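**Student:** this one's sequence-less:
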C-alpha cells in the first residue's frame, strides 16, 4: 500500500452520509472525525500486516518436539502441518493440574472454532495443550467445538522453551506461526507482547487483538471494561 497514492482520510470521511434523519450536527461532526481515525487505523493495520508478512526468515526449530494428535499417534512438529506449508498454533492453558481450562483461552477458542473450517482451507491450525488429547477433546465436545484440532504436547520442553510454563507450574497462552520448507521448519511469527508493554488500565494484549469478544465490546458505550473477564459458565 503506497501511502502517497492514498486520499487523505479526512477527505474520505467528509463523504459520509448519515442514515439517520434526526442526527444532530454535533454527532455528525464527531462521527466524521471518528471515521477519519477509523480509516487511518485500518491503513495502519494494513501496513502492520504487510510488515509482518515481510519478516526475514525466522529461527530454525532445531529441537525435535513431540506431540500426540487426536488419533493417538506421536508426531513431530512437521507432522502437524499436514498438506500445508504454514502452521498456526495456539497453546492454551489447560494443563493436567487444571480442573477446568482458562476462561480467556476458552473464549478465544470459541471464536476460533467458528472460523476453524475456513482457516484450515489455507493453513494448518492446531490447538496445543499439556493435558491428554482425550481430555482436551472431551472439553471441546462439551462446548460444541467441531472445527478445532487438538494436540497434546509430550513432556514440557515445548512449553518451557517458549516461555509458556514457568518453574512454579504457571501456564501462559501462546500464539505461534511456523513455516516449513521441505524438512526445515522456521518460526514465522510469535506473539511477544510482554506484560511490561501494557498501557495504564489495560492488559498486555497483542496487536491486533484476535479475540472477537473484545472487538465487539470495543464498539459499545461501556467498552471492554477494566474488571470484567469471561467465565466458563454464567
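**Tutor:** Sure thing, it's come through. Because the structure is a prediction, the values reported are computed rather than measured. Numbering: from 1, shown residues only.

**Student:** Just give the nearest non-adjacent residue to residue 67, would you?
**Tutor:** Distances taken as Cβ to Cβ, 6 or more residues apart in numbering place residue 151 nearest to residue 67, at 4.8 Å, with adjacent residues excluded. Any C-beta I mention is one placed from the backbone N, CA and C, and that applies to glycine too.

**Student:** helices and strands around the lengthiest helix in the chain, which ones?
**Tutor:** In the chain, with assignment by DSSP state H, the single longest helix is helix 25-53. Judged by 3 or more Cβ pairs under 8 Å, 6 or more residues apart in numbering; DSSP states H and E, helix 25-53 is in contact with helix 9-13.

**Student:** separation between the closest residue in space to residue 10 that isn't next to it in sequence and residue 219?
**Tutor:** Leaving out its chain neighbours, the residue that sits closest to residue 10 by Cβ to Cβ, 6+ apart is residue 36, at 4.8 Å. In this structure, residue 36 and residue 219 are 17 Å apart, going by Cβ to Cβ, to the nearest Å.

**Student:** neighbour-wise, which of the two wins?
**Tutor:** Neighbours per residue (other Cβ atoms under 10 Å) separate residue 36 from residue 219, with residue 36 holding more: 18 against 7.

**Student:** Just confirm that one contacts residue 9, I think it does.
**Tutor:** Yes. With contact defined as Cβ atoms under 8 Å, residue 36 counts as touching residue 9 (4.4 Å).

**Student:** If you count neighbours, what's buried in the strand or helix carrying residue 216?
**Tutor:** For residue 216, the host element (DSSP states H and E) is helix 212-217. Residues of helix 212-217 classed as buried by neighbour count (16 or more other Cβ atoms under 10 Å): 213, 214.

**Student:** so the closest residue to residue 85 other than its chain neighbours, which of the three states?
**Tutor:** Of all residues not flanking residue 85 in the chain, residue 180 sits nearest, at 5.4 Å (Cβ to Cβ, 6+ apart). Secondary structure, DSSP: H, G, I helix; E, B strand; the rest coil: residue 180 is strand.

**Student:** quick one: residue 169 and residue 96 touch, right?
**Tutor:** No. Between residue 169 and residue 96 there is no contact under Cβ under 8 Å: 10.2 Å.

**Student:** in stretch 46-56, what counts as buried?
**Tutor:** Going through stretch 46-56 with 16+ other Cβ under 10 Å, nothing comes out buried.

**Student:** Residue 136: helix or strand, and which one exactly?
**Tutor:** helix 133-143.

**Student:** Which elements pack onto that helix?
**Tutor:** Under the contact rule (3+ Cβ pairs under 8 Å, 6+ apart), helix 133-143 is packed against helix 103-119, strand 149-153.

**Student:** Relative to the whole chain's centre, how far out is it?
**Tutor:** Relative to its parent chain, helix 133-143 has a centroid offset of 20 Å by Cα atoms, centre = their mean, to the nearest Å.
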